[in-house]
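In: Next input, structure requested:
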Amino acid sequence: MTATFDPASAQPPGQEPPVRLSLTPEGATPGRLDGAWWPRSHDLLRELPPLAAALDPTWGKITRVTVNPTHWPVIPRRVPVAGHVIHVGWFEQEQDADQVMVCSFVPLRLQLLVIPPEAEASAAEWLMTAASDPANTLTGTDLLTAAGAPPADPRAGG
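Out: Numbers count the residues shown, from 1 in each chain. Presented below is the predicted three-dimensional model:
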């Protein structure tokens, strides 16, 4: 399953834009990563509900997410989403700075590249394709480096 969205597409007032997510095709054995997520900000309270809404129907209810603080200046312990709560943990050294681990009730664990919100659209498109490629052997940080994407700067706001 792969989903990519045009970030410039117009949204009706009051409606959230679709989540920017790309996953390894269904039935394929994932490579190093299961896909990529391109959030619009560094705000987990704002970004996790749309991610969960996109993943819940296919992967089961998302129950836990772990992040590296590099992308997230504030890490809430719990994030309310439609009908349940996602527990959030963080690891500085144990987790790649440019990845997020998503766990579901099923149980299933996805490793996703986190593309910095401020990344150029062309680089983000390449990263989403590369991260969801079953032949990928690179970590999130290695992919960002290969794409020439700037490192995350949570102080940039957004």
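In: downstream neighbour of the lengthiest helix in the chain in the secondary structure list?
Out: Looking across the chain with DSSP state H, the single longest helix is helix 44-59. Next in sequence after helix 44-59, counting helices and strands by DSSP states H and E, comes strand 62-67.
In: Run through who's touching that following strand.
Out: For strand 62-67, contacts defined as C-beta atoms under 8 Å, 6 or more residues apart in numbering pick out 44, 48, 51-52, 55-56, 75, 79, 81, 84, 86-91, 95, 100-105, 114. Backbone N, C-alpha and C define where each C-beta goes, glycine included.
In: mind listing which of those residues are in strands?
Out: Among those, the subset assigned to strands under DSSP state E consists of 79, 81, 84, 86-90, 100-104, 114.
In: where in the protein is pLDDT low?
Out: For the chain, applying pLDDT under 70 flags the ranges 1-15, 150-158.
In: distance between the ends of stretch 34-51?
Out: Start-to-end span of stretch 34-51 (C-alpha to C-alpha, to the nearest Å) is 14 Å.
In: Pull the contacting residues for the residue nearest the centre of the chain.
Out: Centroid check for the chain by C-alpha atoms, centre = their mean gives Trp37 as the closest residue, at 2.9 Å. Counting by C-beta under 8 Å, 6+ apart, Trp37 touches Val19, Arg20, Leu21, Leu51, Val100, Leu112, Leu113, Val114, Ile115.
In: which secondary structure elements does the longest helix of the chain contact?
Out: If you count contacts as 3 or more C-beta pairs under 8 Å, 6 or more residues apart in numbering; DSSP states H and E, helix 44-59 packs onto strand 21-23, strand 62-67, strand 78-81, strand 84-90, strand 99-104, strand 108-114.
In: Single out the most deeply packed of these.
Out: Ranked by average neighbour count under the criterion mean count of other C-beta atoms under 10 Å, the helices and strands packed on helix 44-59 are headed by strand 21-23 at a mean of 24.
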